[in-house]
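Participant: how does the following fold in three dimensions:
(one chain, ligands or ions: 2)
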Amino acid sequence: MNTVIYQIKDTIEDAKSLTEAGRIIREGGLVAFPTETVYGLGGDALSPASSRKIYAAKGRPSDNPLIVHIANIEDLEPITADIPEAGRKLADAFWPGPLTMIFRKSEKVPKETTGGLDTVAVRMPSDPVALAFIREAGGYVAAPSANLSGKPSPTSAKYVIQDMDGKIEMILDGGDVEIGLESTIVDLTEETPTILRPGYVTKEMLEQVLGTVDADRTMMEKDTGVAPKAPGMKYRHYAPKGDLVIVEGDSACVVDYINEQTGLLEKQGEKVAVIGTEETKMLYHAEIVKSVGSRNREETIAHTLYRVLREFDDMDVTRIFSESFDTTGMGQAIMNRLLKAAGHKVIHLCRSTNSD
Ligand code: TXA
Ligand code: MG
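Facilitator: Residues are numbered from 1 along each chain as shown. Ligands and ions are numbered 1, 2, ... in the order given. Okay, here's the model as predicted:
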């Protein structure tokens, strides 16, 4: 298949291309598009055949449900069985934006889209290109992240092209995304709203609107013996080609350990890369050292993490060491993705007595 790649130019030409993209969806095809979190791989959410095509293009198991993207709040009611009060409050506070809510679904949504579940995940993104595209497409676009299953989600069109060229009808290139990690998912079908996947909208932000909010305990731990409620969270996601280990402890200990290991491994012919920060990048001896951002500005780390993992893949890195990050605020989303990418491999080192 020939994939048309259209670069958003902020001119009148965009409108024509967005209409064309919408037509592709209404006729049962697939279009990748930018959102503020990561790029999505869109199809008609109300068509079983379109959802099957999405699973095929991604190489994704079909028991892993898709998020339905809408562009108008009035479009929520027809696809849900009921909208709890909490849903209305969260929509008021965070839509359009990086929050996905799980509702009980209506008949309108096929089981192919929800991976066989009676619930549906819904999000209204804030990216203006995404909103215009969804409207042109008829209002309901099912979209997982636009990566091949098991790869980091794409944060720029370059990586969508790498994974999807030749497999889908069109790619809308809207440049770099704003946030860089997938949306927060909150389940509203439970008695207490429960976070299934952490993201830019933090637990604290949700609690300000709702009061008490739970978090699925499978989110940060491994081998809890409990199945995660978001089926997608059970798969080993975001896996780089190189063997990734997170090194946790006092900064000085972490730097010493990583440098020592780097020396040994490079002698054995391994291609070693380090994920550091603006504060530490100059301290590492490895041939490849990348800063993911500043510890004082967590949003920079969220924005860069997936890109750096993809760059290491491009360079055929065989071993990766990453610093660890605080799990407060957005740090929880960052560590959730990093732990998954590392298959939960964490090395704990010394901590000096005056740190906690
Ligand atoms: O930021 C995002 O959410 C991006 C952009 C494109 O909007 N999309 C995204 O989709 O990350 P995806 O398919 O990569 O991740 C969706 C997650 C999966 O872990 C899936 O299992 C979960 O949402 N999910 C979807 N529907 C669900 C449902 N009804 N109940 C529980 N989990 C659900
Ligand atoms: Mg994904």
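Participant: and the protein, what are its domains?
Facilitator: Taking automatic domain parsing as the reference, the chain has its domains at 4-220, 243-348.
Participant: looking at those, which is closest to residue 227?
Facilitator: domain 4-220 (7.4 Å; C-beta to C-beta). From N, CA and C alone the C-beta is placed, and that goes for glycine too.
Participant: I'd like the average pLDDT over the closest one.
Facilitator: The average pLDDT within domain 4-220 is 97.
Participant: sorry, back to before: can you tell me which of the domains of the chain is most buried?
Facilitator: Mean neighbour count (mean count of other C-beta atoms under 10 Å) peaks for domain 4-220 among the domains of the chain, with a mean of 20.
Participant: briefly note if that one comes near ligand 1.
Facilitator: Yes: Domain 4-220 reaches ligand 1 (C-beta under 6 Å from any ligand atom) through 35, 37-38, 40, 64-67, 100, 102, 114, 117, 119-121, 123, 125, 143-145, 182-183, 185, 196.
Participant: quick one: the helices in the stretch 1-150 of the chain?
Facilitator: Assigned helices in the stretch 1-150 of the chain, in chain order: 13-26, 48-58, 85-94, 128-136 (criterion: DSSP state H, counting those that start in this stretch).
Participant: to residue 226, which of the domains of the chain lies closest?
Facilitator: domain 4-220 (5.6 Å).
Participant: got the end-to-end distance for the closest one?
Facilitator: For domain 4-220, the first-to-last residue distance is 39 Å (C-alpha to C-alpha, to the nearest Å).
Participant: what of stretch 320-335?
Facilitator: 15 Å.
Participant: and the closest residue to ligand 1 within the chain, what is it in contact with?
Facilitator: Nearest residue of the chain to ligand 1 (C-beta to the nearest ligand atom) works out as residue 232 at 2.2 Å. Residues near residue 232 by C-beta atoms under 8 Å, 6 or more residues apart in numbering: 64, 65, 144.
Participant: again, only using 6 Å
Facilitator: residue 64 (C-beta atoms under 6 Å, 6 or more residues apart in numbering).
Participant: checking it next. Helix, strand or coil?
Facilitator: Per DSSP: H, G, I helix; E, B strand; the rest coil, the local secondary structure of residue 232 is helix.
Participant: again with residue 256
Facilitator: Of the three states, residue 256 takes helix under three-state DSSP.
Participant: can you put the helices of the stretch 1-150 of the chain in TSV and add distance to residue 348?
Facilitator: Formatted as TSV, the helices of the stretch 1-150 of the chain follow (distance: least, C-beta to C-beta, whole Å):
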stretch	distance to residue 348
helix 13-26	48
helix 48-58	35
helix 85-94	35
helix 128-136	41
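Participant: for these, which one sits closest to residue 174?
Facilitator: Of all the helices of the stretch 1-150 of the chain, it is helix 128-136 that lies closest to residue 174, at 4.7 Å by C-beta to C-beta.
Participant: need the contact list for residue 268.
Facilitator: By C-beta under 6 Å, 6+ apart, the contact set of residue 268 is empty.
Participant: same check, this time on the one 3 residues further on
Facilitator: Under the criterion of C-beta under 6 Å, 6+ apart, the contact list for residue 271 reads 317, 318.
Participant: next: residue 282.
Facilitator: Applying C-beta under 6 Å, 6+ apart to residue 282 gives no contacts.
Participant: which SS class is it?
Facilitator: Criterion first, three-state DSSP; result for residue 282: helix.
Participant: I'd say residue 298 and residue 333 touch.
Facilitator: No: between residue 298 and residue 333 there is no contact under C-beta atoms under 6 Å: 9.0 Å.
Participant: hey, where'd the strands end up in the stretch 151-300 of the chain?
Facilitator: All strands of the stretch 151-300 of the chain, identified by DSSP state E, counting those that start in this stretch, fall at 170-173, 184-187, 194-197, 214-215, 243-248, 272-276, 288-291.
Participant: any idea of the angle the longest one forms with strand 272-276?
Facilitator: Think strand 243-248. Interaxial angle, strand 243-248 versus strand 272-276 (axes from the mean of the first three to the mean of the last three C-alpha atoms, to 10 degrees): 40 degrees.
Participant: and strand 243-248, what other elements does it pack with?
Facilitator: Contacts defined by 3 or more C-beta pairs under 6 Å, 6 or more residues apart in numbering; DSSP states H and E place strand 243-248 against helix 251-267, strand 319-323, strand 346-348.
Participant: let's have those in CSV, adding distance to residue 72 and mean pLDDT.
Facilitator: Formatted as CSV, those follow (distance: least, C-beta to C-beta, whole Å; pLDDT from 0 to 100):
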stretch, distance to residue 72, mean pLDDT
helix 251-267, 48, 97
strand 319-323, 41, 98
strand 346-348, 43, 96
